[in-house]
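Asker: Curious how this folds, go ahead:
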Amino acid sequence: MKAVAVFPKQREVRVIDAPEPRLQSPTQVKVRTLEVGVCGTDKDIAQFTYGTPPSGSEYLIVGHECLGEVVEVGSAVQGLQKGDLVVPRVRRPCPHATCPACRHGHPDFCITEDYTERGIKEAHGFCAEFFVEDVAYVHRVPKELRDVAVLTEPLTIAEKALREVKRVQERLPWKPEVGRAVVLGAGPV
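Answerer: Sure, this is the predicted structure:
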């Protein structure tokens, strides 16, 4: 299958022939990539500012903003079927039992920095004809959102920022009015 990959040691970006992935677990789904977003992170990876291939690989398949269509489901997968549209999550938790963020489902707050990120850090991304992913890391998308679903990953970043602002506000000794933010030296939020 065709994929777009960076080769950090050679400082090259190119289209490659990569092995087509196969289901390795009954909880996995195989997905045909329909769209991949490109953002500043991809620019930095293509300029070799960062981007780390998986262990044992000389290249990293890029792409962390993605919309795909399920083409195969493992025998233990529930809630998804062939033909469903999905968006995958990017970050995977670290393996350390001592990381409370990862153990409680919040790898974006990982304290060990030993997480992986598809298409960014130590895990191939989605800029390939197909990818395989555990069902726990894909989210079904209603067909009505087909035209904008590739924007889900960048939207989650803004949503997480707003959620954290709300959590900070809840710690204040006064209750801010609904719809207003208190900015104390942090710049506009």
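Asker: Now for R14: which residues touch it?
Answerer: With contact set as CB atoms under 8 Å, 6 or more residues apart in numbering, R14 has these partners: V4, A5, F7. C-beta: built from backbone N, CA, C; applies to glycine.
Asker: Quick check: pLDDT value at the closest residue to the first one other than its chain neighbours.
Answerer: Distances taken as CB to CB, 6 or more residues apart in numbering put C127 closest to V4, at 4.3 Å, once the chain neighbours are dropped. According to the per-residue confidence, C127 scores 98 in pLDDT.
Asker: and if you look at A181?
Answerer: Model confidence at A181, given as pLDDT, is 56.
Asker: Nearest residue to the middle of this protein?
Answerer: Nearest residue to the geometric centre of the chain (CA atoms, centre = their mean): V90, 1.5 Å.
Asker: Correct me if wrong: that one contacts I120.
Answerer: Yes. Counting by CB atoms under 8 Å, I120 is a contact partner of V90 at 7.0 Å.
Asker: between those two, what contacts are shared?
Answerer: Both V90 and I120 are in contact with H64, where contact means CB under 8 Å, 6+ apart.
Asker: Show me what the helix of greatest length in the chain is packed up against.
Answerer: Assignment by DSSP state H gives helix 152-170 as the longest helix of the chain. Counting by 3 or more CB pairs under 8 Å, 6 or more residues apart in numbering; DSSP states H and E, the packing neighbours recorded for helix 152-170 are strand 65-73.
Asker: and the strand it packs on, which strands flank it?
Answerer: Paired neighbours of strand 65-73 in the sheet (DSSP bridges): strand 28-37 (antiparallel), strand 85-88 (antiparallel).
Asker: And that strand, what's buried?
Answerer: Going by neighbour count (16 or more other CB atoms under 10 Å), the buried part of strand 65-73 is E65, C66, L67, G68, V70, V73.
Asker: Redo these as CSV? Include distance to C99.
Answerer: Shown next, in CSV, are these (distance: CB to CB, whole Å):
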residue, distance to C99
E65, 25
C66, 26
L67, 30
G68, 29
V70, 31
V73, 30
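Asker: quick one: the strands in this structure?
Answerer: Ranges of strands in the chain, per DSSP state E, are 2-7, 12-17, 28-37, 60-61, 65-73, 85-88, 91-92, 116-118, 122-123, 130-134, 138-141.
Asker: coming back round to it: so the longest helix of the chain versus strand 65-73, what angle?
Answerer: With axes from the mean of the first three to the mean of the last three CA atoms, to 10 degrees as the basis, helix 152-170 and strand 65-73 are set at 110 degrees to each other.
Asker: mind saving the C-alpha coords of the helix or strand of the chain with the lowest mean pLDDT as PDB?
Answerer: Least confident element among the helices and strands of the chain, by mean pLDDT, DSSP states H and E: helix 152-170 (a mean of 85). The C-alpha coordinates for helix 152-170 follow below in PDB (Å, rounded to 0.1, in the frame of the first residue of the first chain):
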ATOM      1  CA  THR A 152     -12.200  16.500  14.800                       C
ATOM      2  CA  GLU A 153      -8.600  16.200  16.100                       C
ATOM      3  CA  PRO A 154      -7.900  19.900  16.000                       C
ATOM      4  CA  LEU A 155     -11.300  20.600  17.500                       C
ATOM      5  CA  THR A 156     -10.500  18.300  20.400                       C
ATOM      6  CA  ILE A 157      -7.500  20.500  21.300                       C
ATOM      7  CA  ALA A 158      -9.700  23.600  21.600                       C
ATOM      8  CA  GLU A 159     -12.400  21.600  23.500                       C
ATOM      9  CA  LYS A 160      -9.800  20.400  26.000                       C
ATOM     10  CA  ALA A 161      -8.500  23.900  26.500                       C
ATOM     11  CA  LEU A 162     -12.000  25.200  27.300                       C
ATOM     12  CA  ARG A 163     -12.600  22.200  29.700                       C
ATOM     13  CA  GLU A 164      -9.400  23.100  31.600                       C
ATOM     14  CA  VAL A 165     -10.400  26.800  31.800                       C
ATOM     15  CA  LYS A 166     -13.700  25.700  33.300                       C
ATOM     16  CA  ARG A 167     -11.900  23.500  35.800                       C
ATOM     17  CA  VAL A 168      -9.700  26.400  36.800                       C
ATOM     18  CA  GLN A 169     -12.700  28.700  37.200                       C
ATOM     19  CA  GLU A 170     -14.400  26.100  39.500                       C
END
